[in-house]
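Colleague: next one to model:
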Amino acid sequence: MEKVNVYEKLSTFSEYWSPKIVGEMNESYVKLVKLKGEFVWHLHENEDEMFMVIKGSLVIKLRAEDIVLNEGEFFVIPRGIEHMPVAEDEVQVMLIEPKTTLNTGNVKNDRTVENLEKI
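Modeller: Below is the predicted model of the structure:
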């Protein structure tokens, strides 16, 4: 057991769209990630996914609506819902999701991170 300072962990990396593992609970990872620009439309067939904004503002595009998340807000995307995160400026996010979750879900491309780094 050890406490984690998310601000310290976020200061250790600068790349975008590359989640880092900072904790584990049950069968889930707690991840930190920096985002900027548009991601890809994708879905997770078997996993729910939680985005919590630590710093900045994030838009989660859904096919039916856009969800705007500001600092201190989170949103759970249920499994099977197609979505695309968009960050006009850099945003720092905490993700809580099952260990089996692939960042690009049902899409594999150059942004897919299969082997996550633990920091």
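
Colleague: now the helices for the protein?
Modeller: Here the chain has its helices, by DSSP state H, at 6-10.

Colleague: what's the top strand by length along the chain packed up against?
Modeller: Assignment by DSSP state E gives strand 83-98 as the longest strand of the chain. If you count contacts as 3 or more C-beta pairs under 8 Å, 6 or more residues apart in numbering; DSSP states H and E, strand 83-98 packs onto strand 28-38, strand 49-55, strand 57-62. For every residue, glycine as well, the C-beta is placed using N, CA and C.

Colleague: residue 104 is nearest to which of these?
Modeller: strand 49-55 (11.7 Å; C-beta to C-beta).

Colleague: note down every partner strand of the closest one and its orientation.
Modeller: strand 74-77 (antiparallel), strand 83-98 (antiparallel) (DSSP bridges).

Colleague: just to revisit the earlier point, now the longest strand of the chain: how far from the chain's centre is it?
Modeller: Distance, stretch centre to chain centre, for strand 83-98: 4 Å (C-alpha atoms, centre = their mean, to the nearest Å).

Colleague: do stretch 88-104 as well
Modeller: For stretch 88-104, the distance to the chain centre is 1 Å (C-alpha atoms, centre = their mean).

Colleague: any idea of the mean pLDDT in it?
Modeller: Mean pLDDT, computed over stretch 88-104, is 92.

Colleague: who's in contact with it?
Modeller: 6, 10, 16-17, 19, 24, 27-36, 39-40, 42, 44, 46-59, 74, 111-114 (C-beta atoms under 8 Å, 6 or more residues apart in numbering).
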